[in-house]
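Engineer: how would this look folded up:
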Amino acid sequence: EVTDRMLVKFDLAGNSTAFDVPVQSYLEPKVSPDGTRIAMSIGTGKNFDIWVFDITRKTLGRFTFGGVNRSPAWSPDGTRLGYFSYGGGVNSLLIKRADGTGAVDTLIRAPHRMYLNSWTRDGKYLVVDRQTPGKASDVCILPVDNPLDFICLATTLYDEYMSAVSPDGR
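Structural biologist: From the prediction side, this is the model:
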């Protein structure tokens, strides 16, 4: 069950400021590379959509429509958003222009969920959590140009998830 939350920013001293948006069930907020937008999942019941909050304009716009759309991640240049989508019995990793225009590119369809965590700085790879039913979650990287050639970096009996690429890309 997802509960309602405030969208809040913290400075380096630990001071908090709430954004002027309604209290909702915000999940997985990710700040754009230029710091002007926040992509996040907002859920109601079993449905989740990706929304983008423009910090400067103070507007909250819907990015996806229907189904389960989670784990948004900005491309390094901030022009695209990748995310996990589940609908009609199909798990997919999708990429779309961050301004919401254009077609949605299906990167991969999988028999299991693959939550997107981040992109590498060069934009060539995605870091994902692969969730296989009855097994632990694994951290994998997918080449954007050849996503079926993915490599799992951490596969143990335990759940590995929510990984991120370090700022220096190593």
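Engineer: Name the strands paired with the helix or strand bottoming out on mean pLDDT in the chain and say parallel or antiparallel.
Structural biologist: Lowest by mean pLDDT, DSSP states H and E among the helices and strands of the chain is strand 151-154, with a mean of 85. The strands beside strand 151-154 in its sheet (DSSP bridges) come out as strand 137-143 (antiparallel).
Engineer: Could I get the buried residue list for the strand it pairs with?
Structural biologist: Buried residues in strand 137-143, counted by 16 or more other C-beta atoms under 10 Å: 137-142. Heads up, the C-betas are built off the backbone N, CA and C, glycines and all.
Engineer: ditto for stretch 123-138
Structural biologist: For stretch 123-138, by 16+ other C-beta under 10 Å, it's 125-131, 137-138.
Engineer: Show me the contact partners of that stretch.
Structural biologist: Residues outside stretch 123-138 that contact it (C-beta atoms under 8 Å, 6 or more residues apart in numbering): 73, 75-77, 82, 93, 107, 110, 112-120, 139-145, 147, 150, 152-165.
Engineer: Need the CA coordinates for it. CSV is fine.
Structural biologist: Extracted C-alpha coordinates of stretch 123-138, given in CSV (Å, rounded to 0.1, in the frame of the first residue of the first chain):
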residue,chain,number,x,y,z
GLY,A,123,24.2,7.1,-22.2
LYS,A,124,25.2,3.7,-23.6
TYR,A,125,24.0,1.5,-20.7
LEU,A,126,21.0,1.3,-18.3
VAL,A,127,21.4,0.0,-14.8
VAL,A,128,18.4,-2.1,-13.8
ASP,A,129,17.0,-4.4,-11.1
ARG,A,130,15.9,-7.7,-12.6
GLN,A,131,13.2,-9.3,-10.5
THR,A,132,12.6,-13.0,-11.2
PRO,A,133,9.6,-14.5,-9.4
GLY,A,134,10.7,-16.9,-6.6
LYS,A,135,14.3,-15.7,-6.8
ALA,A,136,16.3,-12.7,-5.5
SER,A,137,16.6,-9.4,-7.4
ASP,A,138,19.7,-8.9,-9.4
